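K.L.:
Structure of the sequence below:
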Amino acid sequence: MRPTPRAETTFPVNTPAASQVFTTVLSQGPLARLEVARRAGLSPAAVTKAVRPLIEAGYLVEGADDEARPALGRPANLVRVDGGRALFIGVKVTGDEIIAVLTDLCCRIRVARRVPLPDRAPKAVLASIADLVQDLSTEAADVPVLGLGIAVSGDVDRTEGAVRYSPFLDWHDVPLAELAAMTTGLPVTVDNDVRALTVAEQWFGAGAGLSDFAVVTVGAGIGCGLVVHGRAVAGAHGVAGEIGHVTVDPDGPLCHCGNRGCVEAIAGEAAIVRRIEEITGVELADAAEALTLARRGVAGAREVYARAGEAIGRGIATVANLLGPERVIISGEGLAAYDLFAEQIRDAFVAAAFGSAAQCDVQTRPLPFEEWARGAAATAIQSFIRADI
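P.N.:
Predicted coordinates for the structure are as follows:
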């Protein structure tokens with residue numbers, strides 16, 4: 001199945017300078033050429049060399065901006081990305097549903113879809129993804145769809161396009177990029193879902209313009225995406241930023257990773273539900289019911305959330321102590337309970353952060369799963385335009 005005829009499958013100028021110029025304009029534009037050079041750290045001549053073929057291919061456009069007219073002289077010519085030049089599809093796979101979006105080249109969502117996931121087997125998931133790609137591609141009309149990004153929780157090797165281990169899907173060593181490419185006919189990028197969200201935040205969200213920041217997600221799992229010196233970091237084996245498996249209580253509960261007292265074993269939604277059931281004797285269907293009990297003041301339930309907040313705060317402090325980010329952005333579906341553990345997160349972070357690391361700007365940013373799917377589309381755009389990943 002080839003959802004949309006494509007005139008090209010590679011970026012017209014696949015060099016580091018071209019991708020740097022394009023990324024700068026994409027995330028910070030429209031910009032004058034001299035400003036592109038300054039922000040990209042390139043010479044004006046290098047920018048001109050990179051811009052010319054991108055304009056000829058229709059990926060960049062340049063024109064006068066009447067609103068930016070100086071006091072004297074002609075209006076400034078600004079370079080911007082033509083968002084309608086190409087489309088991309090992003091998919092976020094959770095334990096019980098798939099969320100997919102169709103975005104333009106500027107990663108603006110045009111259409112979003114959600115479907116339930118009754119069967120977590122790779123074959124069933126691939127079939128659902130293929131159906132969603134087909135559905136979204138019909139919305140593309142004559143604009144080419146140039147890539148598919150898939151975001152999955154767990155240990156994901158982006159270079160190999162493989163899901164090494166996803167606890168919520170119970171997947172082991174699934175060559176997802178290869179299988180999805182065969183199924184959809186599109187170039188496919190597969191990445192950890194938190195890292196994908198981090199790319200979107202770096203380009204278009206609360207991390208835009210920052211050299212060093214982290215995204216910490218709370219919910220079914222505890223994840224962390226890192227940007228260091230302007231680059232998203234995956235590490236040599238693709239597991240950089242796994243603060244969910246930082247031990248904060250050596251005598252704490254057993255984690256699915258085999259260790260005890262991990263942040264996720266204390267603050268993950270399943271861990272919270274399990275602990276509240278133990279304390280109250282009440283059988284709970286899901287995290288929403290646990291949250292309801294805590295807000296009703298049921299004895300012991302609020303304390304479970306408080307302990308979760310302490311674990312998250314200590315995990316964030318570990319990131320701050322090791323990397324010294326300018327900002328930590330907290331997101332994820334677990335923010336529904338933020339009022340129950342916000343104080344504990346802050347107190348534990350300040351207590352465990354060393355010296356000036358405590359000055360790190362910690363922000364909360366609730367984002368629906370459509371934004372995570374958008375992050376998957378951002379990784380597909382990133383793979384398309386960059387020669388060095």
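K.L.:
now the helices: where do they sit in the protein?
P.N.:
In the chain, the segments counted as helices under DSSP state H are 16-28, 33-40, 44-56, 122-137, 176-184, 193-204, 263-267, 269-280, 287-295, 301-323, 338-352, 369-385.
K.L.:
which ones are touching the nearest residue to Leu291 once chain neighbours are set aside?
P.N.:
Nearest residue to Leu291, sequence neighbours excluded (C-beta to C-beta, 6 or more residues apart in numbering): Ala337, at 5.3 Å. In this view, the C-beta of every residue, glycine as well, is placed from N, C-alpha and C. Each residue near Ala337 by C-beta atoms under 8 Å, 6 or more residues apart in numbering is listed here: Ala287, Leu291, Ala294, Tyr305.
K.L.:
Asp142 now?
P.N.:
Contacts of Asp142 by C-beta under 8 Å, 6+ apart: none found.
K.L.:
cool, and Phe384?
P.N.:
Phe384 makes contact with Thr10, Phe11, Ala86, Phe88, Leu146, Gly147, Pro187, according to C-beta under 8 Å, 6+ apart.
K.L.:
Test my guess that the last one contacts Ala380.
P.N.:
Yes. The pair Pro187 / Ala380 is scored as a contact, 7.5 Å apart, by C-beta atoms under 8 Å.
K.L.:
out of the two, which sits in the busier spot?
P.N.:
Ala380 (29 against 20; other C-beta atoms under 10 Å).
K.L.:
before we move on, the earlier item: mind listing the shared neighbours of Pro187 and Ala380?
P.N.:
Leu146, Gly147, Leu148.
K.L.:
Of those - the most surrounded one?
P.N.:
Counting by other C-beta under 10 Å, top hit in those: Leu148 with 31 neighbours.
K.L.:
need the contact list for that one.
P.N.:
Neighbour list for Leu148: Phe88, Ile89, Gly90, Val91, Val133, Ala180, Thr184, Leu186, Pro187, Val188, Thr189, Ala380 [criterion: C-beta under 8 Å, 6+ apart].
K.L.:
how about low-confidence regions in the stretch 201-350 of the chain?
P.N.:
By pLDDT under 70, the weakly predicted segments of the stretch 201-350 of the chain are 237-239.
K.L.:
hmm, try it at 80
P.N.:
For the stretch 201-350 of the chain, the stretches with pLDDT under 80 are 234-241.
K.L.:
Ala348 versus the residue nearest in space to the middle of the chain, what's the distance?
P.N.:
Geometric centre of the chain, nearest residue: Leu197, 1.0 Å, by C-alpha atoms, centre = their mean. Using C-beta to C-beta, to the nearest Å, Leu197 is found at 23 Å from Ala348.
K.L.:
Let me see the mean pLDDT of stretch 174-181.
P.N.:
For stretch 174-181, mean pLDDT rounds to 97.
K.L.:
Show me which positions of that stretch end up buried.
P.N.:
Val174, Pro175, Leu176, Ala177, Leu179, Ala180, Ala181 (16 or more other C-beta atoms under 10 Å).
K.L.:
didn't the second one look like it was pressed against Val156?
P.N.:
What it means is Pro175. No. Distance between Pro175 and Val156: 11.6 Å, which falls outside the contact criterion (C-beta under 8 Å).
K.L.:
Touching both of those two, which residues are there?
P.N.:
With C-beta under 8 Å, 6+ apart as the test, Pro175 and Val156 both reach Ala162.
K.L.:
Nearest residue to Arg195 in space, ignoring adjacent ones along the chain?
P.N.:
Gly225 (4.7 Å).
K.L.:
Tell me the spacing between the nearest residue to Arg386 once chain neighbours are set aside and Gln134.
P.N.:
Nearest non-adjacent residue to Arg386, counting by C-beta to C-beta, 6+ apart: Ser19, 4.3 Å away. According to C-beta to C-beta, Ser19 stands 30 Å off from Gln134.
K.L.:
Neighbour count for those two, which is higher?
P.N.:
More crowded of Ser19 and Gln134, by other C-beta under 10 Å: Ser19, with 22 against 13.
K.L.:
right, and the more buried one touches Tyr59 too?
P.N.:
No. In this structure Ser19 lies outside contact range of Tyr59 using C-beta under 8 Å: 11.2 Å.
K.L.:
intersection of neighbour lists for these two?
P.N.:
With C-beta under 8 Å, 6+ apart, Ser19 and Tyr59 have common neighbours Phe11.
K.L.:
Could you count how many residues lie near Gly324?
P.N.:
Neighbour number of Gly324 under other C-beta under 10 Å is 16.
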